[in-house]
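In: here's a sequence, model it:
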Amino acid sequence: MKKARLLIAVLVCSVMMLGIGYAWWNDTLTVSGTVETGKFDVNFIRTEFIPAAYGTYLLVEPEIQDVQGNLIKCRIGNLYPGAGSILKFQVKNDGTIPAKFGGAQLTLTGDEGLIPYLLVEGNYTKMDTDGTYTRPADAFNNITISALDDKLNSSEILKGYELQRDEGVAFEIMFLMDPEAPNATMDQSVDFTLELDWQQFNRP
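Out: Below is the predicted model of the structure:
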C-alpha cells in the first residue's frame, strides 16, 4: 500500500510539473507599434518672369512654359541690345528629411549666335524654417547664360548647400541682352531648361 501511495504521489507531482512547464512554454508577450518612413520632396515654388528696366529698355516677352518639381522651362523672346528680364523663383524643402544640393543642369536651345550676348546677373536668399530670409554676400553677375549652371554648381553658390525641413532658397536672376550686341542678334528668342537636383542628406 505504501508503494502504491508513493507512486500516486509521484504521478500527481509529475502532472503538476508538466502543467507548469506547459504554461511557461506558451506564455506570449506581444508588442505593437508603427514605423513610418520620411518624405523627400523639394520643389520649385512661386515662379515668375517679369520685364526689368535697364536704362530705357525692357524685355517684353519673357515666359515660363512649364514647372515640374525641380525643373523649370522658360523662353526669353523679343530680344534686342539692352533688353532685360528677371526670373524669380523659390525652391523649398516640403519633405520631412534634409536635402542636399546635387547639381544644376542648364539646357539651351535657339540661335547659338545669340547665346554669347545673353548675360546673367543675380542673387539668392536663404529662407529659414521660421520664415525669415538671409541674403548671402556672394552673388553672380556679368556671366553668359551658358555659364549659369556652372556658377550655380560652384562653392560660391549651391555646392554643398543643405535644406532642412521647411527651409528654402529664393533666386532673382536677371537676363540681359548685351547693349553692344550686333544688329543680327535682334528679334531672336532663347529657350532654356534649368534643373536643380536635390538629394537626400543623411547625417552621421
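In: does the residue nearest to residue 139 when sequence neighbours are not counted sit in a helix, a strand or a coil?
Out: Spatial nearest neighbour of residue 139, chain neighbours left out: residue 123 (4.1 Å); criterion: Cβ to Cβ, 6 or more residues apart in numbering. For every residue, glycine as well, the C-beta is placed using N, CA and C. Recorded secondary structure, residue 123: strand (DSSP: H, G, I helix; E, B strand; the rest coil).
In: does residue 123 touch residue 172 like I think?
Out: Yes - taking Cβ atoms under 8 Å as the definition, residue 123 is a contact partner of residue 172 at 5.8 Å.
In: pick out the residue nearest the middle of the protein.
Out: With distances taken as Cα atoms, centre = their mean, residue 42 lies nearest the centre of the chain, 3.5 Å away.
In: measure that residue to residue 159 for me?
Out: 16 Å (Cβ to Cβ, to the nearest Å).
In: got it, and residue 118?
Out: 24 Å.
In: show me what contacts the residue nearest to the centre of the chain?
Out: Contact analysis of residue 42 by Cβ atoms under 8 Å, 6 or more residues apart in numbering lists 69-70, 91-95, 99, 163, 198.
In: swap the cut-off to 10 Å and go again
Out: Contacts for residue 42 (Cβ atoms under 10 Å, 6 or more residues apart in numbering) come out as 69-70, 91-95, 99-101, 163, 167-168, 196-200.
In: pull out the buried members of those.
Out: 70, 91-93, 95, 99-101, 163, 167-168, 196, 198 (16 or more other Cβ atoms under 10 Å).
In: which of those residues sits closest to residue 180?
Out: Lowest distance from residue 180 to the buried ones among the contacts of residue 42 (Cβ to Cβ) belongs to residue 196, with 31.2 Å.
In: least confident secondary structure element in the chain?
Out: helix 2-25 (a mean of 54; mean pLDDT, DSSP states H and E).
In: I'd like the next helix or strand past that helix.
Out: strand 42-51 (DSSP states H and E).
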